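1. quick one, fold the following:
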Amino acid sequence: QAQLVESGGGLVQTGGSLSVSCAASGIFFESYTVGWFRQAPGKEREFVALIAPSDSRADYADFVKGRFTISRDNTKNTVALQMNALKPEDTAVYYCALTGLFRSRQPASYTYWGRGTQVTVSS
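-> Residues are numbered from 1 along each chain as shown. Down below sits the predicted model:
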């Protein structure tokens, strides 16, 4: 059974950096697009970034372009999201997810989800 576990969340000040990671098991990881999503209290879950399975091409939401970088290591079944220049509005629970649909930004397209990791940015 596929399992995704996020780690690395925490508390950081505005302008700081944080890296969150996702470790996958029980699945042929390298064949899936991996997405990062986030959900703040009272808001819908939103797309943050994704990385394709084969060529590792990345796609980012406009509000994180130039600040966040997604990367994957198919030998370790892991994906990382490096977050720089963090803002209070980046505060949310961050989730990683897998989809067999190439480069989809839609949460409904993702089959496997982790439980999330909290990122809090203080002002």
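
2. can you pull the phi/psi pair for residue 107?
-> The phi/psi pair for residue 107 (degrees, to the nearest 10) reads phi -60, psi -40.

3. same check, this time on the one 5 residues further on
-> The phi and psi torsions at residue 112 (degrees, to the nearest 10) take the values phi -120, psi 140.

4. that one is in contact with residue 1, isn't it?
-> No - contact criterion CB atoms under 8 Å: residue 112 and residue 1 do not qualify, at 9.3 Å. (Each C-beta comes from the backbone N, C-alpha and C, glycine too.)

5. so between those two, which is more surrounded?
-> residue 112 (18 against 6; other CB atoms under 10 Å).

6. quick one, helices of the chain?
-> Here the chain has no helices by DSSP state H.

7. spatially speaking, which residue is in the middle of it?
-> In the chain, the centroid-proximal residue (CA atoms, centre = their mean) is residue 36; its distance is 2.3 Å.

8. mind listing the residues bridging to it?
-> Beta-bridge pairing for residue 36 (DSSP bridges): residue 49, residue 96.

9. ok, it touching residue 83?
-> No - judged on CB under 8 Å, residue 36 makes no contact with residue 83 at a distance of 9.6 Å.

10. need the residues touching each of these two.
-> Listed as contacting both residue 36 and residue 83 by CB atoms under 8 Å, 6 or more residues apart in numbering are residue 20.

11. now do the phi/psi pair for residue 54.
-> phi -90, psi -60.

12. ok, the residue lying closest to residue 6 once chain neighbours are set aside - how many residues close by?
-> With CB to CB, 6 or more residues apart in numbering as the criterion, residue 6 has its nearest non-adjacent residue at 4.0 Å, and that residue is residue 117. Using other CB under 10 Å, residue 117 is surrounded by 21 other residues.
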